[in-house]
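A.B. asks: Okay, predicted coordinates and the sequence, questions at the end:
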Amino acid sequence: MDDFFVWETRYETGVELIDRQHKKLVSIINDLYSGLHSKYKDKSEAFAKAAKDAVDYVRTHFHDEEEWMFETSYPEIESQKEWHRKFIEVLLKKTKEFDEGRTYSAFEFLKFLKEWLISHIAIEDKKFRFHIQGESRDKN
């Protein structure tokens with residue numbers, strides 16, 4: 001079976017740590033996709049693992065990203081934190097819906113993770129990359 005989300009170089013931010021963490025979320029997304037399409041695996045087990053992995057990812061990634069933004073005096077740090085807060089809110093909502101027996105929400109969750117990551121990288125993380133590149137030029 002093909003992956004649901006294929007990483008492309010256009011998603012790279014140029015920040016190795018951030019790119020590595022984003023690739024980890026892509027892996028979580030693809031594991032969930034595979035688990036939901038396997039006729040041998042329990043779908044709830046696949047969702048529970050993906051949800052736990054996503055929560056662990058969020059905890060680490062958002063902390064690292066916000067810390068780096070703070071250290072580089074990123075002017076849009078508050079809007080980035082708001083993006084992160086909204087992501088966590090939806091993540092918890094989707095997990096709760098699945099726990100309540102709404103199995104369709106697993107596929108919605110999968111789509112949500114992919115769309116969020118693409119838009120987050122394409123918009124917010126690119127702005128941060130340009131900020132860091134500007135900081136590097138200013139120091140030279």
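C.D. replies: Thanks, I have it. Numbers count the residues shown, from 1 in each chain.
A.B. asks: Please count neighbours and contacts with C-alpha atoms only from this point.
C.D. replies: Fine.
A.B. asks: Using CSV, list the CA coordinates for stretch 79-95.
C.D. replies: The C-alpha coordinates for stretch 79-95 follow below in CSV (Å, rounded to 0.1, in the frame of the first residue of the first chain):
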residue,chain,number,x,y,z
SER,A,79,0.3,33.9,16.3
GLN,A,80,2.4,30.7,16.1
LYS,A,81,1.4,29.8,19.6
GLU,A,82,-2.2,30.3,18.6
TRP,A,83,-1.8,27.9,15.7
HIS,A,84,-0.3,25.4,18.1
ARG,A,85,-3.1,25.9,20.6
LYS,A,86,-5.8,25.3,18.0
PHE,A,87,-4.0,22.2,16.7
ILE,A,88,-4.0,20.8,20.3
GLU,A,89,-7.7,21.6,20.7
VAL,A,90,-8.7,19.8,17.6
LEU,A,91,-6.3,16.9,18.4
LEU,A,92,-8.1,16.4,21.7
LYS,A,93,-11.5,16.8,20.2
LYS,A,94,-10.9,14.1,17.5
THR,A,95,-9.4,11.7,20.1
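A.B. asks: Enumerate residues external to that stretch that contact any of its residues.
C.D. replies: Ala51, Val55, Val58, Phe62, Glu66, Ser105, Ala106, Phe109, Trp116, Glu124 (C-alpha atoms under 8 Å, 6 or more residues apart in numbering).
A.B. asks: Any buried residues in that stretch, and which?
C.D. replies: For stretch 79-95, burial by neighbour count (16 or more other C-alpha atoms under 10 Å) applies to Gln80, His84, Phe87, Ile88, Leu91, Lys94, Thr95.
A.B. asks: Do me a favour and average the pLDDT over the helix or strand containing Gln80.
C.D. replies: Assigned by DSSP states H and E, Gln80 falls within helix 77-99. The pLDDT scores in helix 77-99 average 84.
A.B. asks: next SSE after it?
C.D. replies: helix 104-119.
A.B. asks: where in this structure is pLDDT low?
C.D. replies: 1, 39-42, 103-105, 135-140 (pLDDT under 70).
A.B. asks: And Leu36, how far from Glu115?
C.D. replies: 18 Å (C-alpha to C-alpha, to the nearest Å).
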